[in-house]
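In: Here is a sequence together with a model predicted from it:
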Amino acid sequence: MPRPDLRELSDQLAQGRATEVVDALTGPVADEPAHVACLVVLARALEAADRLPEALTRWRAAHALCPDSPVVRDELRRVAALAACEAAADTRSNRAGEAAEQSLHEDEPYHELDDLIKELETARIVPDPQVEPVAPGRLEPDVEDVVSETLARIYANQKFYEEAARVYEKLAVQHADREDEFKQKASEIRQKAS
């Protein structure tokens, strides 16, 4: 299923067409539950459609996938606070009702948590097929070739003459324009070593 145009859906949401946005994103989010941007737009649409518990569930899923995002974190807090206020208002209005109904409201957070756990267990990160894997050799730092004149001077000042000479020889290979100068310094350092 092709990914929906999130900018277009955001524009529709701004125009007050939240139900259309929810309908358009429900399928793609079910197909690709790890697509954070779709989750964010869907959560906003659900909130605009007065479906706050579902919006909260989507924000929690987005936060689980992208916990370092300040936008996701702040929106999750905001919607959770709204849901808590709404739940508190519902609880106050229902206190006059039956005690069994009140205990049901107290159990709702656990049901939401169970639903979120089930949703996250089925969520999978789908690798992008267009990204080429990095060759294993490129991931290993090659610190053996990192040399500088400063490093050579440090070795020489600490009386590690062989290391200083080795650095100057590498510099001679790396900088052809100053090759003679670095070779001369390498031989001077080797003379100090003997």
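Out: That came in fine, so what should we check first?

In: Centroid-nearest residue for the protein?
Out: residue 66 (4.9 Å; C-alpha atoms, centre = their mean).

In: wait, isn't that one in contact with residue 72?
Out: Yes. Residue 66 lies in contact with residue 72 (C-beta atoms under 8 Å); the separation is 5.3 Å. Heads up, the C-betas are built off the backbone N, CA and C, glycines and all.

In: list the residues that contact both of those two?
Out: Residues touching both residue 66 and residue 72 (C-beta atoms under 8 Å, 6 or more residues apart in numbering) are residue 36.

In: if we can go back for a sec, pull up the gap between the residue nearest to the centre of the chain and residue 149, please.
Out: 45 Å (C-beta to C-beta, to the nearest Å).

In: ok, back up a step: who's in contact with the residue nearest to the centre of the chain?
Out: 36, 72.

In: what does the domain assignment say about this protein?
Out: Using automatic domain parsing, the domain parsing of the chain gives 6-122, 142-193.

In: closest to residue 129 out of those?
Out: domain 6-122 (13.2 Å; C-beta to C-beta).

In: The closest one spans what distance, first to last residue?
Out: 23 Å (C-alpha to C-alpha, to the nearest Å).

In: from the chain's centre, how far out does that domain sit?
Out: How far domain 6-122 lies from its chain's middle: 20 Å, per C-alpha atoms, centre = their mean, to the nearest Å.

In: Run through the helices of the chain in chain order.
Out: Remark: helices assigned in the chain by DSSP state H are 6-14, 18-31, 36-48, 52-65, 70-94, 99-122, 136-139, 149-157, 161-174, 179-193.

In: and the ones you listed as a markdown table, adding mean neighbour count?
Out: As requested, the helices of the chain are exported to a markdown table (neighbours: other C-beta atoms under 10 Å):
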| stretch | mean neighbour count |
| --- | --- |
| helix 6-14 | 16 |
| helix 18-31 | 17 |
| helix 36-48 | 22 |
| helix 52-65 | 21 |
| helix 70-94 | 14 |
| helix 99-122 | 11 |
| helix 136-139 | 7 |
| helix 149-157 | 16 |
| helix 161-174 | 19 |
| helix 179-193 | 15 |
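
In: Please convert those helices to CSV, extending it with distance to residue 130.
Out: Below are the helices of the chain laid out as CSV (distance: least, C-beta to C-beta, whole Å):
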stretch, distance to residue 130
helix 6-14, 19
helix 18-31, 18
helix 36-48, 17
helix 52-65, 20
helix 70-94, 25
helix 99-122, 25
helix 136-139, 18
helix 149-157, 40
helix 161-174, 36
helix 179-193, 44
